[in-house]
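Enquirer: Sequence plus the predicted model coming up.
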Amino acid sequence: MTEPLISSNKQASSGADPWMARIPIRPMLHKMRTGIFQRSGFEKWRKSGVAIVLGLGMLVPAIAETSSSPGRETLLMNFGWKFHKGALQVNDWYNGTKSGRYGIEPLDKSAQSQGIGMTYDDSSWRTLDLPHDFTVEAFASEKGNMGHGYFPAEVGWYRRHFTIPASDKGRRISVEFEGAFQTTTVYCNNFIVGVNRSGYGPFQFDITDFIQYGGENVLSVCVDGTMPEGWWYEGGGIYRDVHLVKTAPVHIPWG
């Protein structure tokens, strides 16, 4: 089943985005009531409601940053992912898989491996929502990494089915990850898209050339948390939001 995407406009209006909870609306209104505005004679305007309108106007730039503009549409992809903990015997880009054939069949038919493209059966995988940390779900033991709280360093796989309407043909389609720890390999349909080797920075891949317009698509994401970057608990998995971004062919690049 394909989980629908959520537009950033709906996200902002529904209060689903946690950053909105951090906007100090109540303290701002309190200052307008008792602070500098009152001392400057603004109290009289406040009673008519003008001060509140102007005060809330200060929030417009922050809200606009998460809203879709006419040339850019941002969709939240946090819901309806499938998850498997542990390494899988699948081809990767070191096995010489032919472009466009990845995920359909192994290059070596005698190998006990397969691609993880459109035909891969993930029905037995666990369903979950992001953000997600698969390391903290494990049990700490003396065999774990001492610097990481004795938790094991593991690998996790994620898959997300989604549709792109035929009307989007001609637009650029990208997937943006706000954070995943650590080495992250991204696949789209029967193609290997790219890899990110840092667990502390956001990254993006353009998947336009791999999309099936008017039909179902699937992202497969391998997150390898076995390579630590620090001497503290770092976790493992897609630990921040993922967005699908649609833009015009000519647009301001990401980053």
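Expert: Thanks, I have the structure now.
Enquirer: mean confidence for stretch 127-146?
Expert: For stretch 127-146, the mean pLDDT works out to 89.
Enquirer: Contacts for it, please.
Expert: For stretch 127-146, contacts defined as CB atoms under 8 Å, 6 or more residues apart in numbering pick out 77-83, 85, 148-154, 156, 158, 223, 225, 228, 233-242. Every C-beta, even on glycine, is put in place using the N, C-alpha and C of the backbone.
Enquirer: got it, and stretch 161-168?
Expert: The contact list for stretch 161-168 (CB under 8 Å, 6+ apart) reads 1-3, 5, 77, 80, 173, 211-219, 244, 246.
Enquirer: What's the local residue count around Gly237?
Expert: Gly237 has 29 neighbouring residues, counting by other CB atoms under 10 Å.
Enquirer: Make sure it is actually in contact with Val223.
Expert: Yes. With contacts defined as CB atoms under 8 Å, Gly237 counts as touching Val223 at a distance of 5.5 Å.
Enquirer: shared neighbours, the two?
Expert: By the contact definition CB under 8 Å, 6+ apart, Gly237 and Val223 are jointly contacted by 134, 156, 158, 180-181.
Enquirer: Widest-spaced pair of these?
Expert: Comparing every pair within those by CB to CB identifies Tyr158 and Phe181 as the most remote, at 12.7 Å.
Enquirer: shared neighbours of the two, which are they?
Expert: Applying CB under 8 Å, 6+ apart, one finds that Tyr158 and Phe181 are jointly contacted by 223, 237.
Enquirer: what about the closest residue to Arg171 other than its chain neighbours, how many neighbours?
Expert: Leaving aside its chain neighbours, Arg171 sits nearest to Lys246 (4.9 Å; criterion: CB to CB, 6 or more residues apart in numbering). For Lys246, the count of nearby residues is 19 (other CB under 10 Å).
Enquirer: Could you confirm Lys246 falls within a strand?
Expert: Yes. Lys246 sits within a strand when classified using DSSP: H, G, I helix; E, B strand; the rest coil.
Enquirer: so how far is Val221 from it?
Expert: 20 Å (CB to CB, to the nearest Å).
Enquirer: one step back: quick one: buried ones out of the contacts of stretch 161-168?
Expert: Buried by 16 or more other CB atoms under 10 Å: 3, 5, 77, 80, 173, 211, 213, 217-219, 244, 246, out of those.
Enquirer: And the furthest pair within those?
Expert: With distance counted by CB to CB, no two of the buried ones among the contacts of stretch 161-168 lie farther apart than Gly80 and Tyr213, which are 20.5 Å apart.
Enquirer: circling back: and the residue nearest to Arg171, what does it touch?
Expert: Applying CB under 8 Å, 6+ apart to Lys246 gives the contacts 72-75, 168, 171-173.
Enquirer: try it again with 7 Å
Expert: 73, 168, 171, 173 (CB atoms under 7 Å, 6 or more residues apart in numbering).
Enquirer: With secondary structure and distance to Met118 as added columns, please give the residues you listed in CSV.
Expert: Written out in CSV, the entries for the contacts of Lys246 read as follows (DSSP: H, G, I helix; E, B strand; the rest coil; distance: CB to CB, whole Å):
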residue, secondary structure, distance to Met118
Glu73, strand, 24
Asp168, helix, 19
Arg171, strand, 22
Ile173, strand, 16
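Enquirer: If any of these are buried, put those into a PyMOL selection.
Expert: Filtering the contacts of Lys246 down to the buried ones (16+ other CB under 10 Å) takes a single PyMOL command:
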select buried, resi 73+168+171+173
